[in-house]
Each structure stands twice: as C-alpha cells, then as structure tokens.
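K.L.:
give me coordinates for this.
(one chain, ligands or ions: 1)
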Amino acid sequence: MATLLAKPSASITFTFNGELISAVPGQSVGAAILETGARTLRVTRFENKPRGMFCGIGVCFDCLVVIDGVPNQRACLIEVRDGMKVNTQVGGAWSK
Ligand code: FES
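P.N.:
Numbers count the residues shown, from 1 in each chain. Coordinates of the predicted model:
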C-alpha cells in the first residue's frame, strides 16, 4: 500500500537575480530555481549561450552561479540558506 507523504512547506526565502524565491530547507539552490520555471543559471563566456542544470550531481559545472558575491558555486550542490543572494554567472570566475 502506498503512503502519501506530506509535501514540506517552503520556509526559506532567497533571491535569484533580485527575485524573491521560496524554498524548502534542505533543497538545493538549483532545484529551488528550477521550481520557478527558470532554466538559465549561467551564460558562457564567449557566446553568452545559456546553461543550466544538466547532471544535477556536481560533475558538469553547467549550473555555476554567483552566491553572495562568490562565483563558481554549483547550484546543484549548494543547499539554500535564508537570505542568500544568487545571481546568474556570466562567463568565467568573476561576479557582478
Ligand atoms: S548540474 Fe552539473 S554540476 Fe551542477
């Protein structure tokens, strides 16, 4: 017999490119952003091509974002924290 699990309620908020996002404690930054419908987490350095979650396990580095001013953070591995400021990473290891 299947058991219904209660969906945890969102109780953390953070911003992605200035927009407020609600998340569940323990959720990854990438998962919380995907839940909003956003798909682009970074853009490539030469052609500004969009990249987003690909492997979801920390291997491909396509999910790099800037978190609280620190670039090159893998959104799929970082757990959301209340009040964090996440921004799209443009190109390499610099932040906006
Ligand atoms: S999605 Fe591949 S490293 Fe994050």
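
K.L.:
for the rest of this, base every contact and every neighbour count on C-alpha atoms.
P.N.:
Fine.

K.L.:
tally of neighbours for residue 77?
P.N.:
Residue 77 has 17 neighbours, counted by other Cα atoms under 10 Å.

K.L.:
quick check, pLDDT for it.
P.N.:
Turning to residue 77, the model gives it a pLDDT of 98.

K.L.:
residue 26 too?
P.N.:
For residue 26, the pLDDT comes out at 94.

K.L.:
how about it, nearest residue that isn't a chain neighbour?
P.N.:
Nearest non-adjacent residue to residue 26, counting by Cα to Cα, 6 or more residues apart in numbering: residue 79, 5.8 Å away.

K.L.:
swap in residue 92?
P.N.:
The shortest distance from residue 92 to any non-neighbouring residue, by Cα to Cα, 6+ apart, is to residue 45 (6.0 Å).

K.L.:
whichever residue of the chain sits closest to the ligand: what's it in contact with?
P.N.:
At 3.3 Å from the ligand, residue 58 is the closest residue in the chain, using Cα to the nearest ligand atom. When the contact criterion is Cα atoms under 8 Å, 6 or more residues apart in numbering, the partners of residue 58 are 74, 76, 77.

K.L.:
burial check on the second one, number of neighbours?
P.N.:
Meaning residue 76. Neighbourhood size, residue 76 [other Cα under 10 Å]: 26.
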